[in-house]
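1. Give me a 3D structure for the following:
(3 chains)
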Amino acid sequence: MLAPAVLVIGVFMLIPMFIALAYSFMTADPYGGVQAPFTFDAYIQFLYQRDFDDSLIFASDYILIIARSIYLAVSTTVICLALGLPVAWYIVCQSEERRRVLLFLITLPFWINTLIRTYCWILILRDEGLANKLLCALGIIADPLPLLYNDGSILLGLVYTFLPFMVLPIYSTLERIDSRLIEAAYDLYASRVAVFRRVIWPLAKPGALAGATLVFAPALGSFLAPDLLGGGKKLLIGSLIQMQFTSSRNWPFGAALSIAITAVILLVIILRSWTAPKREAQA
Amino acid sequence: MIELTGVSKSFTTKDVGTVAALKGVSLRIDGNEFFTLLGPSGCGKTTLLRLIGGFEMPSTGAIRIDDLDVAALPPQKRPVNTVFQSYALFPHMTVAGNVAFGLEMCGWKKADIDARVKEALALVRLDGFATRKPTQLSGGQQQRVALARALAPKPKVLLLDEPLSALDLKLRKEMQGELKRLQRETGITFVLVTHDQEEALAMSDRIAVMRDGLVLQVGTPKAIYDNPNSRFVADFIGEANLVPGNVLGRDHGMTVAVRPERVTLGRLNGHGARAKGEVAGVTFLGLDTLYEILLDGARVRARVRDAGEPFQAGDTVAVDWPDTAERELLH
Amino acid sequence: MSRPFDWRHTPGFGTLTAAILVFLYAPLVILVVYAFNASRMVTIWQGFSTHWFAAIARNSDIRGAAENSLIIAIVATIAATLIALAGALALERGNLTFGRGLVTGMVAMPLVVPEIVVAITTLVFFSALGMHHGLLNLMIAHTVFCIPFALLPIQARLKDMGGTLEEAGRDLYASEWKLFRRVTLPLLAPAIGAGAIMAFVISLDDFLISMMVSSAGSTTLPVYVYGMMRLGVTPEVNAISTILLAISVVFVASALLLGRKRRAA
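-> Sure, this is the predicted structure:
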């Protein structure tokens, strides 16, 4: 019964990953693909470039790209958390009917075509876009602002894409909190802030962490937001990898990057699942 | 009709390891009998029921139904039907559809099915409900549909898993009578599981009292009530005073069991009473008055009907009971 | 304070939620509005018009890409849903003791691994095998990442249903196959529908994996539209984007609503 599912995913996901791992240790074929000699070149490329005399010079380009990607992914996660938490709390405090409607409204955008959702922001943020037109019309500025093609617009796109997905896990955790716990806290003279800090947040943490993981991982490897909203000039890991398989024709390097980013995400997930049971045992 | 020999069942789970739910049970249940498995939760009564029904296989032992060895047979192949605790009515079928299901699965012809469905619904007094859906029914009605559905295929044995636990008191009393009537009318062996000893006493022809995976005593309600074979049974069925032997000047290791309604209280007048004690509490219950007496080393409850001369807290009284009312129990 | 203390009411949160909902939906609304803009100058409103949609419909490249997307989506949906059904039944009704964690992990893989990694590993896989069958490659790739989306609602519903109804069916002499057909399947149908719709939409909307895996003759609609977008903002782009948006919304909404039918036991 299970065989088809395991087989299909095993063959088409696990095996490719191993092939990619193998590829990362091979040499780039100038026409795309890989060729024989096994080498660490791809991994060395993370940090070093070969000079004309074949010596290695430390190059920070790729490290910077990786660092920027991580920074943007973390920022996205933090912003989504800061916005998602109050929204989740608000929804939990509504009546059953309104909850369902609100959850539906919040969840729907996440499943809508990401390409389209990202494109909308081009329409709004570009020089002749809605935002600038409004600001000019209101007389706030004279010339259009370069709202697009920078880290800010990428961040905006990422938050826009992933915010709904942060709300759901937090909501599920909050929903399970017994309202009598909160009433008890208020009964014992706690202020709103104290109730949040001492009662709500500790109970909501698992949900927040789940949401954070669900946002961080895809944000790190995101392609569309950096590509469309970053103008393709400011590279992040996602677009860097994609380039290796198109214009740069450096499959091993692309494979190496993919392995690296997957390893990072797996690490995050494993760390989370190690700390999670301990927390539950304490609760 | 049903013979269980040396049946035991163990479950292994990741969290708690191996648990022995049944530890070697042997029972005989006769045809046309209303038999009840009675015991506190965790005693294994539901496991035993499920073993008869075929939802679990025994770890050891043999199960025979009507002289057929069924231990290896799945539920589909046993002439047994079950009324589940949650009723388990198919929500996407009508009442008639539910009742007809077992018949369809056995390949009955349409005309026969229709006739039998009508019969079954009439049997449980739900005529006219055929086209309703389970979600439109009350708890009591759903239960009767579950009964009709299980009775329709004319099984040799009907299993009932705590069928009345979800009903309110009045309905429960009503259904106790209904179940008894159904068993009489159909002549099918009923095996019922409950933790409610009053229910067991009211409905059963015979009861098996269970505890911790073992059957402690099997007998008619009266036999078990009058002659409990252990402290547990004496205490579980009805109320019982359990007085340590040494308090009455007898063997140290033995317990004397006597029902509160057989205890008589009288003024001290020197005639040899079994024991003397002080009245610690008096509770007026309308028909009866419940006295709590402190003996030297034990508490005894006396249930006195139409107490003529009521005693008061602090009075010293003579406590007595007829010889036939007591049982000496060793465990 | 005019109202008595209600800890459920946190001042400002309602407004924030409303603002966020506006934030989420406004850009989409703006897109739709512009798609109906008669003017070629995308930012000057010149009246309501549908002629950009007509232009789209006449574009044979777009029609070709749309056909590809549709074919791939249908095949992937059927395959993924069947596989997911088998998998969900095995997980929730089978006697899996050890494999559970492993299987659940594997099924979750397409969701957890970043899309770009899935895309290039798939590309690498087909290349290593020497498989260059445009549409077939895409169908396989889509099936794989659609499986988890189809599986989730089915598994959730099976969990909800609990095993007692099936025990009752067996008690009433139903064979395993008849049990599945008469009891399990009818009750599972809405969840299977929701799973299938989700899989369909996910496949239609997929961009990254399709871009990496597709070859010259097998472009899918999102990939083609992306190409249009890179060339610049035009009304045609707005129009086709609106169509894609509408399809997304309709299908996702129906999947979410179908998956919610919990009223029946």
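2. now the strands: where do they sit in the stretch 101-250 of chain B?
-> If DSSP state E, counting those that start in this stretch is used as the criterion, the strands of the stretch 101-250 of chain B fall at B:157-161, B:189-194, B:206-211, B:214-219, B:241-244.
3. now the fourth one against strand B:206-211, angle please.
-> Angular relation of strand B:214-219 and strand B:206-211 on a 0 to 180 degree scale: 160 degrees, by axes from the mean of the first three to the mean of the last three C-alpha atoms, to 10 degrees.
4. What pairs with strand B:214-219, parallel or antiparallel?
-> Neighbouring strands of strand B:214-219 in its sheet, by DSSP bridges, are strand B:206-211 (antiparallel).
5. From residue C:151, how far off is residue C:104?
-> Residue C:104 is 10 Å from residue C:151, where distance means C-beta to C-beta, to the nearest Å. For every residue, glycine as well, the C-beta is placed using N, CA and C.
6. Those two: who's more crowded?
-> residue C:151 (26 against 14; other C-beta atoms under 10 Å in any protein chain shown).
7. ok, the more buried one - contacts?
-> By C-beta atoms under 8 Å, 6 or more residues apart in numbering or on different chains, the contact list for residue C:151 reads A:5, C:84, C:87, C:88, C:107, C:195.
8. and if we set it to 10 Å?
-> A:5, C:80-81, C:83-88, C:91, C:104, C:107-108, C:195, C:198-199 (C-beta atoms under 10 Å, 6 or more residues apart in numbering or on different chains).
9. Would you map the helices across the stretch 1-150 of chain A?
-> A:3-9, A:15-23, A:41-47, A:61-92, A:96-111, A:114-125, A:130-137 (DSSP state H, counting those that start in this stretch).
10. Buried deepest among those, which one?
-> helix A:114-125 (a mean of 24; mean count of other C-beta atoms under 10 Å in any protein chain shown).
11. what about the residue of chain B found nearest chain A, which helix or strand?
-> Nearest to chain A, among the residues of chain B, is residue B:15, at 13.3 Å (C-beta to the nearest C-beta). For residue B:15, there is no enclosing helix or strand under DSSP states H and E.
12. With the one 4 residues further on instead?
-> Counting by DSSP H and E, the element that carries residue B:19 is strand B:17-29.
13. ok, and the most crowded of the contacts of residue C:151?
-> Highest neighbour count within those, by other C-beta under 10 Å: residue C:195, with 32 neighbours.
14. ok now do that one, which residues does it touch?
-> By C-beta under 10 Å, 6+ apart, the neighbours of residue C:195 are C:77, C:80-81, C:84-85, C:88, C:146-157, C:188, C:255, C:258-259.
15. Without its sequence neighbours, what residue ends up closest to it?
-> Distances taken as C-beta to C-beta, 6 or more residues apart in numbering or on different chains place residue C:150 nearest to residue C:195, at 3.7 Å, with adjacent residues excluded.
16. ok, that neighbour - how many residues close by?
-> Other residues close to residue C:150 by other C-beta under 10 Å number 31.
17. gap between the one helix or strand it maps to and the chain center?
-> According to DSSP H and E, residue C:150 maps onto helix C:134-161. How far helix C:134-161 lies from its chain's middle: 9 Å, per C-alpha atoms, centre = their mean, to the nearest Å.
18. re the thing from before, near the residue of chain B closest to chain A, how many other residues are there?
-> By other C-beta under 10 Å, 4 other residues sit near residue B:15.
19. swap in residue B:138?
-> Applying other C-beta under 10 Å, we find 10 residues neighbouring residue B:138.
20. Show the pLDDT at it.
-> As predicted, residue B:138 sits at a pLDDT of 91.
21. just to revisit the earlier point, quick one, phi/psi of the residue of chain B closest to chain A?
-> Main-chain dihedrals, residue B:15, degrees, to the nearest 10: phi -80, psi -50.
22. tell me the contacts of residue C:85?
-> A:1, A:4-5, C:150-151, C:154-155, C:158, C:185, C:188, C:191-192, C:195-196.
23. quick check, it in a helix?
-> Yes. According to DSSP: H, G, I helix; E, B strand; the rest coil, residue C:85 belongs to a helix.
24. which parts of the stretch 151-265 of chain C sit against chain A?
-> By C-beta under 10 Å from any C-beta of the partner chain, the part of the stretch 151-265 of chain C that sits against chain A consists of C:151, C:198, C:201-202, C:204-208, C:211-212, C:221-223, C:225-226, C:228-230, C:232-233, C:237-238, C:240-249, C:251-253, C:255-257, C:260.
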